Structure formats: C-alpha cells, structure tokens
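In: sequence and predicted structure are below.
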Amino acid sequence: MSRIWSVAVDAPLGPLHYAIPDTLPPEALMPGVSVTVPLGARKIPGVLLEPSESAPEGVRLRETLGLIADRPVIDSKSLAWLQWLAKYYAYPLGPTLQLMFPPLDKSGGRKKARKAPLIQADMTEGVDHSVSLTAEQTEVVNAIAATPGFQTHLLYGVTGSGKTEVYMELIARAAERGEQALVLVPEISLTPQLIQRFARRFGEKIAVIHSHLTPREKTDNWWAAHQGEKPILIGARSALFCPLPKLGIIVIDEEHESSFKQDESLRYHARDAAVMLAKMCEIPIVLGSATPSLESWQNAKLGKYRLHRLPSRIHSGGLPRIDVIDLREARDQERQSGRDESRPFWLSQELHLALTETLERGEQAALFLNRRGIAQSVVCPSCGHSSDCPNCEVALTLHGRSHLVCHYCDYHESLKEVCSQCNTGEPKPLGLGTEKIERDLAKLFPNARTVRMDRDEIQSREDLEEAIAKIEKREADILIGTQMIAKGLDFPGLTLVGLVMADIAFNLPDFRASERAFQLLTQVAGRSGRHLKDRSGHVVLQTYNPDHPSIQFTLKHDYEGFAEHDLGFREVLGYPPHGRLAALKFAGPDLQETEDAARRVAELARRSLENAKDPSGKGYSAEAAERADSILVLGPAPAPMAKLRNLYRFQVLIRGQGINSPVSSLCKTLSEHIEARAKSKAPLLPPKVRFSVDVDAVHLL
Ligand code: ADP
Ligand code: ZN
C-alpha cells in the first residue's frame, strides 16, 4: 500500500500530496477518510482521495497529522457526486467535500441532546392513516413506482391537487422496502404545517434539517438519518449533503423555487444537484410544482424528464376565480368623480367590497404585498432629494413613524422633519409596505383581527408557529404578508386573497422576472379557497399592467400557455433553458479597481475562446472550436444593484447557445487560471476584489 496520498484540503487549492506516517494503520486508509493536514503554519481538515506512487517533482512532502475521528468516511458514490459538483460549479474540491459533514462532533453534549426529541410530541399525536388516493393520484403513484432505477419525474399539479399526498405514498412504499427518502423543500415552505403533515403520517420516522435548528439539533438529525435510524429526511437544500446509506427516492417540492440555488461558496442548484445524485444512486427523483421552472418544463418536453399531471384540485370547489383590477382605470375614474377619502389609496373599491363580504361571512382573507414597512422611499417634495442608503445604491424604507432602514445592510437613521439637502421641504413617504396596510386596515375594519407575516414580524420559528396557529384557530381574520405567505400554507377558512400591487413582482431587470412573477402570483392565488366544496375561492389582483403576460396567464390558470410564451421569448435571446448562462461576479471597495479586474477577466475569457478557435493553436480540434463558438462573453457591466454594503459590483455574463455549450468548463478553466496567477507577480485580481463564479446563475441582481 502506498504511503503517499493525494488529499483534498479545506482551502481554495487543488488536491495536494501528503505522506502518511506509520502511526496510521493501513486498513484505515481509503478514499473519503478525513485527516488533519499541515498547510503552511495551519492545520486544516482534508479528505483522502487516492494513493499515489510518488509526489510531483519538486514538492516537499509533509506528513498528515492524523485521522479525524467521528467523521464518517465519504462513500464512493457521494465522493463521485461531490467531485462532479466541484467541477461543474467551478469551486475547489476541498471545501466542497467539507459540506458533507455535520456542524458539530457526533458525541459532544450528547447527554443533554439525547433527550431533545427530533420531532415535538404534539406533532405526532394521532398518527393519521393515509387518505385514500384519488384515481388521478393513484395513477401518478403507480406510474412513478413502475420505473425502477434512475428517472426524473416532473409532477405538474395545480395548487391543492394533492401532490404532497403523492409524495407521501411514494415515500411510504420506499420505507416498506427498507429504503430511505430525502425530501427537499424551500426553507420558506418548510413550515410547521408541512412538517406536521409528514409527522402525522410517519411519526418518529422523520429527521428534519433546517436553518432554525441549533447546530446540536442539526448534528443529531444528521446522524439519525445517516445511520439509517430515521428513514425519512426532510430539509432545506443543505439536507442534500447528509449521506443516506439506503437512499431509495428523492422528492423536491416546489422545484421551481429560486432559493434552491445556493448563493455563496459552492453555488449549486439543489434541484440539479439532486438529479445528479439520483442518477449516481440509480434511483427515481420526483420534482413537484404547480408552476414548474422553465428548465424542467423544457426537459419534460424534450423527454428527459417524465411528465405527470394532476390537473384538478382535490376539493370540488375548483381553482379560485381571479378578478383583475386595472389601477390606472380606477385612478382615472377617481380623478373625474372624486374618491372616497376614507378608503386608503392602495385599496380598490372591488377589493374593499370583497374584504367586507368575506369578513361578514366569518371567513378569512389574505392580502399580499411583496414589500415590508410603511413606504419604500422618502422623497423631498421641493427638491426631489430621496433618502438613500450611504452604503448601498438603494432607497431607505420607512418603518414605523420615523425609522428609515436599509433592507440590504444594517444602516438606519431617523426621518428628518426638514430635507437635509434643501433645508426647506418636508420629506414625504412614497409607496407602500405591509406595515402600512396593517395600519390602514385597523382604521377601516376596527373589529377585524389582523396578523402580519413578514421579516419584521416573524423572526423565529416560534413567531411563525404562533402566527400560523392564530389563523388556524380562527383567532385572526386578515392575514397580511410578503412572499412568506405564498408557499406551503393551507388554511381552510381562507377564501379571499388580495394581491395589492402585483406589478412589483415583474418590474425587475432579470430575464426570469416574468417567470418568477407568474409563479408568485399563481402560488399566492392558490392559497384561496383550498377547502371549499360548493364554490371556488376568490382572488382580487390589483395592477397597473393588466396586459402583462404574467398576469394574463395567471388569470386563466394557464401555466402551459405561459411556459410556451416565455420559452419563445427566451429562444430569441438565447437565454436558458435554450442555452447556458454563468455570471462572473466581482465586488470591491474601489469602483475603478473592481471594474478593471472584471475587464481583465473578461478579456481572459475572450482570449481563451479565440485560442480554441485558432486552427494553428496547439491541440486544435474543429469540434472544440465549434463549442467555443457557441459562447459569448458579455460585459463587464455594473450589476443591477451596483453598490451594496459599500462594495461596487460588476458582472461578466457568459452565455452559451445550446444546452450542451461548455460554459461550465470555461468557468472552471478561468477560475483555475485566476488561482494560479494569484500567487504570481501579476495576479489578475487585486486582494480586495472578491471574485466568484456562478454557473447556471439564478440571482442576477
Ligand atoms: P398540493 O401539495 O398539490 O398543494 P395537497 O397534497 O396539499 O396538495 O392537497 C390539498 C388538500 O387536499 C390537503 O388538505 C390534503 O390533505 C387534501 N387531500 C389530498 N389528497 C386527498 C385525498 N386523496 N383525499 C382527501 N383529501 C386529500
Ligand atoms: Zn445599505
């Protein structure tokens, strides 16, 4: 057995070679084993990759310092999967492998931690027997269960069509076979309601991983799932990194959610990473959504994913009726005939009436607005000066009476009575937020009890549970919230949803803005009337752009129409899913320095493509030239949010025509080149400029 191994160390470097001291028994040496290694003056963790005959020439071999007890060996499938992730997302392997371990040691604090139950007792009370599935649901379950081995299934079912029951049935069958199931949901929809539903069906069989757990709780859940004590793991995207030895099925709920994309370090997309994991484990994976991502929809159209539909709601009331209110018309009318001053400016006559009637019937209503606070900016009427954050290029939001807050950093100040610029005008709040809606409602419906769900009100899991309980127990009549209320919530008494200003969702400089708006509007509308039997729920959608495709297709409940429309628009521009897109992101304290760095990297990218296309270059091939020809380097340009937290932000976009365009491998080449140059006399990036690669970028702001 060789005593030299290549080791993926926890640093932004490629694998390094180390000698193994005699104190380590040979039988402990295998790929995936964690060791501590010296690097410079530091001691850092690393993972053994493979034995090697000799170290590369000129390298002074150092010895590993010992095994890290308590860390499980990364199995070969997981190792292959992590290697794929690191390569595809152009991120160093060492830090990628570190994601595969729980936050704490297995044993630390065990005495206390053992007593803490993974699932609260009240959640498992009255374990309920499964509902009997409808014919439609049964058909889907059977079709999915009938294909053994790897297959990606796209379950496209309208809101309230019973997708969750389908997941649970598939999971129950896997558990009967002694297999494990992994269920990923967006953090935001990992609500107590969802976990309770699984807990009622599966009781103590569930482990849960989400961001509101303490590191100890996370670690305990991690081990319980990893050792197979718990056959089902439900979690947010990071649960993907808990190795399940008997994994038999993966479910991704709300697969379209952009929060499945990790926004720092390894910028993986949990959905795509999960599909790759399923492929390597040769197991089925189910992606579910009422509004599938256009990527998945396209894959289903191409036959890569198998499409299953649940076109109708379980309860016979059907999908909600949506009325669109044209705020321009309402405004023009009021200009002519005067308006009822007792009604707040954001409330149309129609929504007012619908609210009144809903409350009179003793039912519940929800008002949705994608903005917190009282007003999203404060402007001086005499000189036009607006109060902006000094650290970020954004307006300050007014909260409470006089509290101006930046939503991107921790900056805040109090509202001045006189404009600091012209010393004459009195700054006026403009726009609207959830806090203002709540205040206005208190005046308008003094007897109605309101609950607000946004990041100001809901800061812990307890807050969330409390708010949900209030609505479930009918201790609240009107729910006011941001996107926090869009997903996963199921309230029987909720029969009216008001979208206060739908426009906010699509007025963003991002090619996916329409898609996100359509998804958001559909999901929010889908909260209405989920349990009605004899009539449908009601949605009032207020907008200044009633003709916008996101709104028109939402109105008709026409996901497929929307998908065709948006896919057509993206094809013309070569955007995903017709092609590939990566963003090289730069952020630095000095504008010029940051832009220059971005320019150098963009030039490097262009040169590398030119070289590949040059027939006289070494290793030239016509095929590689053609692949290089599919790629376009755009920029650098300032990011849409050009300055955040005192850092100037630039982007270089790399766009590839065609789904197989080698955008990811160009990114990998670039980051390796940048890393190699970092230690040279002429580094491409100054030390203060942060650089990151975002393959299949989703967050472009
Ligand atoms: P989705 O996940 O598609 O939004 P759910 O699975 O939450 O849909 O189902 C919507 C509602 O219908 C839930 O309250 C659920 O308990 C209920 N439900 C689902 N399937 C059945 C069934 N076969 N029989 C009775 N009720 C069902
Ligand atoms: Zn700020």
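Out: Cool, got the structure. Ligands and ions are numbered 1, 2, ... in the order given.
In: quick check: closest non-adjacent residue to residue 413.
Out: Nearest residue to residue 413, sequence neighbours excluded (C-beta to C-beta, 6 or more residues apart in numbering): residue 404, at 5.2 Å. C-beta: built from backbone N, CA, C; applies to glycine.
In: out of everything not next to it in sequence, what's closest to residue 632?
Out: residue 655 is the one closest to residue 632 (C-beta to C-beta, 6+ apart), at 4.9 Å.
In: ditto for residue 45
Out: Sequence neighbours aside, residue 10 is the residue nearest to residue 45 in space, at 5.0 Å (criterion: C-beta to C-beta, 6+ apart).
In: repeat that for residue 634.
Out: Residue 634 sits nearest to residue 653 (C-beta to C-beta, 6+ apart), 4.3 Å away.
In: roughly how far does that neighbour sit from residue 580?
Out: Distance, residue 653 to residue 580, by C-beta to C-beta, to the nearest Å: 11 Å.
In: neighbours of the residue nearest to residue 632, just the number please.
Out: 20 (other C-beta atoms under 10 Å).
In: before we move on, what about residue 443?
Out: Using other C-beta under 10 Å, residue 443 is surrounded by 9 other residues.
In: could you identify the helix or strand that succeeds the strand or helix carrying it?
Out: If you go by DSSP states H and E, residue 443 is part of helix 434-444. Scanning forward in sequence from helix 434-444 by DSSP H and E, the next helix or strand is strand 450-453.
In: on that earlier part again, anything in the host helix or strand of the residue nearest to residue 634 near ligand 2?
Out: Using DSSP H and E, residue 653 sits in strand 647-657. No. For strand 647-657, no contact with ligand 2 is found by C-beta under 5 Å from the ion; the gap never falls below 10.7 Å.
In: report the buried residues of stretch 46-61.
Out: 46, 47, 48, 49, 52, 55 (16 or more other C-beta atoms under 10 Å).
In: nope, stretch 604-616 is what I was after
Out: 604, 605, 608, 609, 612.
In: tell me who's in contact with the closest residue to residue 107 other than its chain neighbours.
Out: Nearest residue to residue 107, sequence neighbours excluded (C-beta to C-beta, 6+ apart): residue 70, at 6.8 Å. For residue 70, the contacting residues are 105, 106, 107, by C-beta atoms under 8 Å, 6 or more residues apart in numbering.
In: that older thread, give the contact list for the residue nearest to residue 45.
Out: By C-beta under 8 Å, 6+ apart, residue 10 lies in contact with 44, 45, 46, 94, 95, 97, 98.
In: ChimeraX command for the buried members of these?
Out: Applying 16+ other C-beta under 10 Å to those, the buried members can be selected in ChimeraX as follows:
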select :45,46,94,95,97,98
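In: from ligand 1, how far off is the residue most central in space within the chain?
Out: For the chain, the residue nearest the mean C-alpha position is residue 259 (0.6 Å; C-alpha atoms, centre = their mean). Plainly put, residue 259 is 18 Å away from ligand 1 if you go by C-beta to the nearest ligand atom, to the nearest Å.
In: now swap in residue 77 and tell me
Out: Distance from residue 77 to ligand 1, by C-beta to the nearest ligand atom: 30 Å.
In: same question, residue 465
Out: 19 Å.
In: neighbours around that residue, how many?
Out: 16.
In: now it: closest residue in space, sequence neighbours ignored.
Out: In space, residue 465 is closest to residue 192, 4.9 Å off (C-beta to C-beta, 6+ apart).
In: show me the contacts for the one you found.
Out: Each residue near residue 192 by C-beta under 8 Å, 6+ apart is listed here: 123, 461, 464, 465, 468.
In: ok, residue 427 next?
Out: 378, 379, 380, 381, 385, 387, 415, 416, 418, 419.
In: same question, residue 175
Out: 181, 202, 205, 231, 232.
In: wait, the last one touches residue 205, no?
Out: Yes. Between residue 232 and residue 205 there is a contact at 5.3 Å, judged by C-beta atoms under 8 Å.
In: and the two? which has more neighbours close in?
Out: residue 232 (25 against 19).
In: do you know the pLDDT at the more buried one?
Out: In the prediction, the pLDDT value recorded for residue 232 is 96.
In: and residue 34, backbone torsions?
Out: Backbone torsions for residue 34, taken as degrees, to the nearest 10, come to phi -90, psi 130.
In: related to what we said a few turns ago, which members of the contacts of residue 175 are positioned in helices?
Out: Mapping those onto helices (DSSP state H) picks out residue 202.
In: got the contacts of residue 175 as JSON lines, with distance to residue 391 columns?
Out: As requested, the contacts of residue 175 are arranged in JSON lines below (distance: C-beta to C-beta, whole Å):
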{"residue": "181", "distance to residue 391": "45"}
{"residue": "202", "distance to residue 391": "47"}
{"residue": "205", "distance to residue 391": "48"}
{"residue": "231", "distance to residue 391": "48"}
{"residue": "232", "distance to residue 391": "44"}
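In: inside strands: which ones of the contacts of residue 175?
Out: Secondary structure defined by DSSP state E assigns 181, 232 of the contacts of residue 175 to strands.
In: tell me the one of the contacts of residue 175 nearest residue 134?
Out: residue 202 (20.9 Å; C-beta to C-beta).
In: setting aside sequence neighbours, what's the nearest residue to that closest one?
Out: Using C-beta to C-beta, 6+ apart, the nearest residue to residue 202 is residue 232, at 5.7 Å.
In: so what's the one you found bridging to?
Out: Going by DSSP bridges, residue 232 is paired in beta bridges with residue 181, residue 206.
In: how far off centre is the longest helix belonging to the chain?
Out: If you go by DSSP H, the chain has its longest helix at helix 591-613. Here the centre of helix 591-613 is set off from its chain's centre by 30 Å, with C-alpha atoms, centre = their mean, to the nearest Å.
In: what's the average pLDDT for the helix or strand following that helix?
Out: Using DSSP H and E, the helix or strand that follows helix 591-613 in sequence is helix 622-629. The average of the pLDDT scores along helix 622-629 is 84.
In: contact partners of helix 622-629?
Out: Outside helix 622-629, the residues that touch it by C-beta under 8 Å, 6+ apart are 609, 612, 613, 615, 660, 661, 662.
In: the bottom helix or strand of this protein by mean pLDDT?
Out: Averaged element by element with mean pLDDT, DSSP states H and E, the chain has its least confident helix or strand at helix 110-115 (a mean of 44).
In: before we move on, the earlier item: the strand or helix carrying the residue nearest to residue 413 close to ligand 2?
Out: Element membership for residue 404, per DSSP H and E: strand 403-405. No. Using C-beta under 5 Å from the ion, strand 403-405 stays clear of ligand 2, coming no nearer than 8.8 Å.
In: shouldn't residue 306 be in contact with residue 296?
Out: No. Between residue 306 and residue 296 there is no contact, the gap being 11.2 Å when judged by C-beta under 8 Å.
In: more neighbours: the two, which one.
Out: Neighbours were tallied for residue 306 and for residue 296 using other C-beta under 10 Å; the higher tally belongs to residue 296 (25 against 17).
In: hang on, the earlier thing: filter the contacts of residue 70 down to the buried ones and hand me the ChimeraX line.
Out: Those of the contacts of residue 70 that count as buried under 16+ other C-beta under 10 Å are selected in ChimeraX with:
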select :106
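In: got a markdown table for the contacts of residue 70, with secondary structure and pLDDT too?
Out: Formatted as a markdown table, those follow (DSSP: H, G, I helix; E, B strand; the rest coil; pLDDT from 0 to 100):
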| residue | secondary structure | pLDDT |
| --- | --- | --- |
| 105 | coil | 84 |
| 106 | coil | 80 |
| 107 | coil | 72 |
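In: can I get the longest strand along the chain in CSV? Just the C-alpha atoms.
Out: Among the elements of the chain assigned as strand by DSSP E, the one spanning the most residues is strand 631-644. The C-alpha coordinates for strand 631-644 follow below in CSV (Å, rounded to 0.1, in the frame of the first residue of the first chain):
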residue,chain,number,x,y,z
ILE,A,631,-20.1,31.1,-26.3
LEU,A,632,-20.5,34.8,-25.9
VAL,A,633,-18.7,36.9,-23.2
LEU,A,634,-20.8,39.9,-22.2
GLY,A,635,-19.5,42.8,-20.1
PRO,A,636,-18.2,43.7,-17.7
ALA,A,637,-21.2,45.8,-16.7
PRO,A,638,-22.3,47.1,-13.3
ALA,A,639,-24.6,44.6,-11.6
PRO,A,640,-28.3,45.8,-11.4
MET,A,641,-27.6,46.5,-7.7
ALA,A,642,-24.4,48.3,-8.5
LYS,A,643,-23.4,49.0,-4.9
LEU,A,644,-24.2,47.0,-1.8
